[in-house]
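> curious how this folds, go ahead:
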Amino acid sequence: MIFKTAKRKTNVKTTLSIDDLAIEMVSSAVYLGVTLDSTLGWKPHIRNIIKKISKSIGIISYLRHYLPKSIMLMLYNSLILPHITYCIEIWGNTFNSFIDPILKLQKKFVRLVTFSHPRASSSPLFLKLGILDVHKLCKLHTCIFTYDLKNDHYAHSLDHYAPSVSHSYFTRSLTHDKLVIPKINLSSSKNSLTFSLVKQWNERNLSSRNLFKYALKSHLLHE
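Down below sits the predicted model:
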């Protein structure tokens, strides 16, 4: 696989081989459960997510007549949410048009579980059920990932992605180091993990991990 921009055409005539076995050129490949594609647009990965959660929503649409809402939420958290949140920090910052099919399935779920009209406004239903849509889930998990990097919970540090600026400021008695926003040459670069990570960090006040997680989720629910 050769990584490139969507508009760039490649014409590779050389054949790579190992022990006289030719390596097949592919446009996408699965690595650790994430489907990588040559443009890193994440369309194949998102299609896989849609297939998986569509089946679960079909099951839930039948079970909702026999099980209480609390059990329906448990099914959502076990059958749907893990597929959406897995590595969402990486693929969730792609174009909204790519993500919208997942959002539509989430809207379908909240309407089914609450027995609402198919065209009912979904925002109050997300809030009522305490569910974050896919865009807000991406913000939440990107911020948590940033917090863990900042506090050395991983082998590599936050400076691997973006250095801190030289000054700090205090917010609610907490020292908060802003990060340097990376320079980008392509509009698609705004969808990268590094750009989103820096943007979310600079906009949030991160205290303890658990407090931050619950406070941010509450904030996102009421946005």
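
> relative to Ala120, how far out is Ser97?
23 Å (Cβ to Cβ, to the nearest Å). Where C-beta positions appear, they are placed from N, C-alpha and C, glycine not excepted.

> which one's more surrounded, those two?
For Ser97 and Ala120, the more surrounded residue by other Cβ atoms under 10 Å is Ala120, and the numbers stand at 14 against 7.

> does the more buried one count as helix, strand or coil?
For Ala120, the reduced secondary structure class is coil; criterion used: DSSP: H, G, I helix; E, B strand; the rest coil.

> nearest spatial neighbour of it, chain-adjacent residues omitted?
The shortest distance from Ala120 to any residue that is not its chain neighbour, by Cβ to Cβ, 6 or more residues apart in numbering, is 5.9 Å, and that residue is Arg111.

> the one you found: which element?
Taking DSSP states H and E as the criterion, Arg111 maps to helix 96-113.

> cool, and Ile60?
With DSSP H and E as the criterion, the answer for Ile60 is helix 43-63.

> what's that helix in contact with?
Where contact means Cβ atoms under 8 Å, 6 or more residues apart in numbering, the residues beyond helix 43-63 that reach it are 28, 34-37, 71-72, 75-76, 79-80, 83-84, 91, 94, 98-99, 101-102, 105, 108-109, 112-113.

> from what I see, the residue nearest to Ala120 and Ser122 are in contact.
Yes: in this structure Arg111 lies within contact range of Ser122 using Cβ atoms under 8 Å: 6.8 Å.

> more neighbours: the two, which one.
When Arg111 and Ser122 are compared for neighbours, Ser122 comes out ahead with 20 against 17, by other Cβ under 10 Å.

> quick check: the gap between the more buried one and Lys7.
For Ser122, the distance to Lys7 (Cβ to Cβ) stands at 34 Å.

> same check on Tyr214?
Counting by Cβ to Cβ, the separation of Tyr214 from Lys7 is 42 Å.

> tell me which of those two has more neighbours.
Under the criterion of other Cβ under 10 Å, the comparison of Tyr214 against Lys7 puts Tyr214 first, with 11 against 8.

> and the pLDDT for that one?
According to the predicted model, the pLDDT of Tyr214 comes to 77.

> so where do the strands sit in the chain?
In the chain, strands defined by DSSP state E lie at 17-18, 21-22, 28-31, 34-37, 164-171, 174-179, listed in chain order.

> compare these and say which comes out lowest on pLDDT.
Comparing mean pLDDT over the strands of the chain, the weakest stretch is strand 164-171, at a mean of 41.

> count the residues that sit near Ile60.
21.

> and it, what pLDDT?
Taken from the predicted model, the pLDDT recorded for Ile60 is 93.

> for this protein, which element, helix or strand, carries the lowest mean pLDDT?
The element with the least model confidence among the helices and strands of the chain, by mean pLDDT, DSSP states H and E, is strand 164-171, at a mean of 41.

> below-threshold pLDDT in this structure: ranges please.
For the chain, the stretches with pLDDT under 70 are 1, 5-6, 8, 10-14, 152-208, 212.

> one more pass at 50, please.
Screening the chain residue by residue with the criterion pLDDT under 50, one finds the ranges 165-175.
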